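> Okay, here's the prediction I keep looking at, along with the sequence it came from:
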Amino acid sequence: MKTVVTAQQMRDAERAVWDADPDVDLMTRAAAGVARVADEMAPEGPVLVVVGPGNNGGDGLFAAATLAESREVLLWLAAGRAHDEGLAAARSAGCREVGDPASARARLADASLVIDAFTGLGARPGLPPDVATFAAACEAWQVPVLAVDQPSGLGTDGGPVGHSFNATVTATFAARKPCHVVEPAASRCGDVVVQDIGVPVPATDLRILEESDLANWWPTPDAASDKYSRGVVLLDTGSERYAGAALLGISGALHAGAGMVRYAGGAPSGLVLGRFPSVVLGEGRAQAAVVGSGWGEPDEARMARAVELGLPLVVDADALGVLPDGGMEGWLLTPHAGELARLLGVGRDEVEADPLGAAREAARRHGATVLLKGAAQYVAEPSGRVTVAVRGPNWTAQAGSGDVLAGICGTLLAAGLPAWKAAAMGASVQALAAQRHPGPYPPDRLTEFLPTVVANLDA
Ligand SMILES: NC(=O)C1=CN([C@@H]2O[C@H](COP(=O)(O)OP(=O)(O)OC[C@H]3O[C@@H](n4cnc5c(N)ncnc54)[C@H](OP(=O)(O)O)[C@@H]3O)[C@@H](O)[C@H]2O)[C@@H](O)CC1
Ligand SMILES: Nc1ncnc2c1ncn2[C@@H]1O[C@H](COP(=O)(O)OP(=O)(O)O)[C@@H](O)[C@H]1O
Ligand SMILES: [K+]
């Protein structure tokens, strides 16, 4: 798991380092990391550095000075002022300056790399018009962009995206910031490289899951295991009309390694058994249940029966419209952005502009864990802690992916994992399966890759 820190948390962590040793030179370390990544991205050709007025520009200037030892480096002082010592170092290393925005844009024709060192932790969202035009030109001409700390124009802590750089690679320091992992900003960051600059990272309430976590936590049976101890998951999903949802959820549950899958939903039993003969029909002892996928409509009576089971529930799709008033501790709600908007009584655009805030609010209000599904997937707990799942390729945006995911999460809940882990691991393993088996595969085919992905998880 990797911690994500806000701008303020990062500044506090840096201050603690300086308090301990006032002479420590964090900027030199940061700049060295930037220069290294720049050389890896584009080993030769002119580099154009967009220099802002603060320390982010300072990082860019010291990196420029290093790069100028072996290649042509141009500076655009886009704010008209710049970090004094950094500028002196870059000038004495032989960097040349472009005088105005039009000349900077003209140099894009032969630049092999643009380094965006306009703003970082001190950024106000948005860009001055000249810089916004330049950023758009980089995108239009497909010039690789290395963003220092973050693409300028984004708010460090996330939020709506206006004019900003669209980075190929972002080199950040000590830890990722919310803009690197939370949409819509995350999609502007490209590959995020974290440079260690000797600033210890504090624990926070936002973190991202990694493959090694899956490897360490995946419930693996041992000699003492039997089908019951591994976890029985009950699915009350599907209907005559949406029978496929039942098959998809069952496939997810079985391929994630359920000890037993019971099916007590509305899909024809012949269809279920014809496809999955190991499924046991009807209710019975179980450790977790999955409800809502493919019901076709919110159904209060069906929800009431599920509540009576007294099990931790995965609540998906139509069942999200008939949540009980309370008593959902240990449950997992799995809305996509539209369903979360309905839960909160706000517009979908509001959820999309602040997915983290929306997921946290729903978890707090309902006293349950919330997995907000989409390109980036966030698992919010009632305490406010959020875990971001491993990201998958965008072709998994297809009907049925959510049904499969609910089944996977059901299996993990039944195996005894807490709801946040079941959700973050379930979403991540589905993403890894899609990453490792480039499709597009339909969601049920993708479930067949889950066992090999689990068997080969890299610790
Ligand atoms: N802390 C450390 O020592 C370390 C920090 N490091 C580096 O320093 C970075 C933080 O530096 P920082 O605090 O100087 O802020 P920075 O991001 O350069 O921006 C502030 C300036 O930008 C301006 N400005 C803001 N938004 C704007 C906009 N939309 N449009 C136009 N202007 C805008 C703003 O103007 P003002 O708000 O004053 O009008 C102010 O002048 C950090 O990200 C990392 O790269 C590393 O070296 C490691 C050690
Ligand atoms: N942009 C995207 N990139 C990658 N995966 C996505 C994206 N959007 C959605 N998904 C996938 O689709 C799932 C959500 O599916 P959902 O809308 O609930 O489908 P359904 O209800 O039809 O099964 C997510 O969990 C994720 O796996
Ligand atoms: K930047």
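Thanks, I have it. Numbers count the residues shown, from 1 in each chain. Ligands and ions are numbered 1, 2, ... in the order given.
> avg pLDDT for the lengthiest helix in the chain?
Criterion DSSP state H: the longest helix present in the chain is helix 419-436. Average pLDDT, helix 419-436: 98.
> so what's the backbone phi/psi at T387?
phi -120, psi 130 (degrees, to the nearest 10).
> any idea of the angle the helix or strand containing G244 forms with helix 419-436?
Using DSSP states H and E, G244 falls within helix 243-255. Orientation check (axes from the mean of the first three to the mean of the last three Cα atoms, to 10 degrees): helix 243-255 against helix 419-436 gives 100 degrees.
> If you count neighbours, what's buried in the strand or helix carrying A301?
Using DSSP H and E, A301 falls within helix 300-308. Residues of helix 300-308 classed as buried by neighbour count (16 or more other Cβ atoms under 10 Å): 302-303, 306-307. (Each C-beta comes from the backbone N, C-alpha and C, glycine too.)
> packing partners for that helix?
strand 232-236, strand 288-291 (3 or more Cβ pairs under 8 Å, 6 or more residues apart in numbering; DSSP states H and E).
> ok now the first one, how far from the chain's centre?
Between the mean C-alpha location of strand 232-236 and the chain-wide mean there is a distance of 28 Å, by Cα atoms, centre = their mean, to the nearest Å.
> Ok, stretch 366-384 next?
The answer for stretch 366-384 is 12 Å, by Cα atoms, centre = their mean.
> Average pLDDT for that stretch, rounded please.
Rounded mean pLDDT across stretch 366-384 is 98.
> Now the terminal residues of it, how far apart.
12 Å (Cα to Cα, to the nearest Å).
> close to ligand 2, is it?
Yes: Stretch 366-384 is in contact with ligand 2 by Cβ under 6 Å from any ligand atom, via 373-375, 377.
> Now do the helix holding A301 and strand 232-236, the angle between them.
Going by the same axes, to 10 degrees, helix 300-308 makes 170 degrees with strand 232-236.
> pull the CA atoms of the helix or strand just after helix 300-308 into PDB?
Note on helix 300-308: by DSSP H and E, the next helix or strand toward the C-terminus is strand 313-316. What follows is strand 313-316, C-alpha atoms only, in PDB (Å, rounded to 0.1, in the frame of the first residue of the first chain):
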ATOM      1  CA  LEU A 313     -23.900  -7.900   2.100                       C
ATOM      2  CA  VAL A 314     -22.500  -6.700  -1.200                       C
ATOM      3  CA  VAL A 315     -25.300  -4.300  -2.300                       C
ATOM      4  CA  ASP A 316     -25.200  -3.600  -6.000                       C
END
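> Run through who's touching strand 313-316.
Contact partners of strand 313-316, identified using Cβ atoms under 8 Å, 6 or more residues apart in numbering, comprise 237, 288-293, 306-307, 323, 328, 331-334, 368, 402-403, 406, 409-410, 413, 422.
> ok, that strand: who's next to it in the sheet?
strand 288-291 (parallel), strand 332-334 (parallel) (DSSP bridges).
> For G266, what is the enclosing helix or strand?
Using DSSP H and E, G266 falls outside every helix and strand.
> Leaving out sequence neighbours, find the closest residue to it.
Nearest non-adjacent residue to G266, counting by Cβ to Cβ, 6 or more residues apart in numbering: S239, 3.9 Å away.
> what about the one you found, neighbour count?
19 (other Cβ atoms under 10 Å).
> neighbours around the residue of the stretch 151-300 of the chain at minimum distance from ligand 1, how many?
Per Cβ to the nearest ligand atom, F173 is where the stretch 151-300 of the chain lies closest to ligand 1, at 5.4 Å. Look at F173: counted by other Cβ under 10 Å, it has 25 neighbours.
> what sits opposite it in the beta ladder?
With DSSP bridges as the rule, F173 is bridged to Q195.
> mind checking pLDDT for it?
On the pLDDT scale, F173 gets 98.
> Kindly report the same for L75.
So, for L75, pLDDT stands at 98.
> Ok, V4 next?
pLDDT, V4: 98.
> Contacts only, for G153.
G153 touches 118-119, 123, 125-127, 131-132, 135, 161-165, 188, counting by Cβ under 8 Å, 6+ apart.
> Look up the closest residue to G257, ignoring the ones flanking it.
Once flanking residues are discounted, G257 sits nearest to T411: 6.2 Å by Cβ to Cβ, 6+ apart.
> What is the three-state secondary structure of that neighbour?
helix (DSSP: H, G, I helix; E, B strand; the rest coil).
> sorry, back to before: ok, the residue of the stretch 151-300 of the chain closest to ligand 1 touching V193?
No: using Cβ atoms under 8 Å, F173 is not in contact with V193; the gap is 10.0 Å.
> what sits in contact with each of these two?
Going by Cβ under 8 Å, 6+ apart, residues that sit against F173 and also against V193 are G33.
> what's the span of stretch 155-170, first residue to last?
End-to-end distance for stretch 155-170, by Cα to Cα: 14 Å.
> can that stretch be found next to ligand 1?
No: Stretch 155-170 lies out of reach of ligand 1 by Cβ under 6 Å from any ligand atom, never closer than 7.6 Å.
> buried sites along that stretch?
Across stretch 155-170, burial judged by 16+ other Cβ under 10 Å covers 155-159, 161, 163-170.
> circling back: would a markdown table of the strands paired with strand 313-316 with mean neighbour count be doable?
Below are these laid out as a markdown table (neighbours: other Cβ atoms under 10 Å):
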| stretch | mean neighbour count |
| --- | --- |
| strand 288-291 | 32 |
| strand 332-334 | 29 |
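> could you dump the ones you listed to CSV with mean pLDDT?
What follows is these, written out as CSV (pLDDT from 0 to 100):
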stretch, mean pLDDT
strand 288-291, 98
strand 332-334, 98
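> For V24, which of these is the nearest?
strand 332-334 (44.0 Å; Cβ to Cβ).
> quick revisit: export the helices and strands packed on helix 300-308 to a markdown table and tack on distance to ligand 2?
Formatted as a markdown table, the helices and strands packed on helix 300-308 follow (distance: least, Cβ to the nearest ligand atom, whole Å):
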| stretch | distance to ligand 2 |
| --- | --- |
| strand 232-236 | 14 |
| strand 288-291 | 12 |
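> quick one, which of those strands is nearest to P221?
Comparison of the helices and strands packed on helix 300-308 against P221 by Cβ to Cβ identifies strand 232-236 as nearest, at 13.5 Å.
> Partner strands of that closest one, with direction?
Sheet pairing of strand 232-236 (DSSP bridges) gives strand 260-263 (parallel), strand 288-291 (parallel).
> which residues sit against it?
Applying Cβ under 8 Å, 6+ apart, the contact partners of strand 232-236 are 246, 249-250, 253, 258-265, 283-291, 302, 305-306, 309, 311, 407, 410-411, 413-414.
> one step back: who does the helix holding G244 touch, helix- and strand-wise?
Using 3+ Cβ pairs under 8 Å, 6+ apart, helix 243-255 sits against strand 232-236, strand 260-263, helix 269-275, helix 401-414, helix 443-447, helix 450-455.
> let's see it at 6 Å
Packing partners of helix 243-255 (3 or more Cβ pairs under 6 Å, 6 or more residues apart in numbering; DSSP states H and E): strand 260-263, helix 401-414, helix 443-447.
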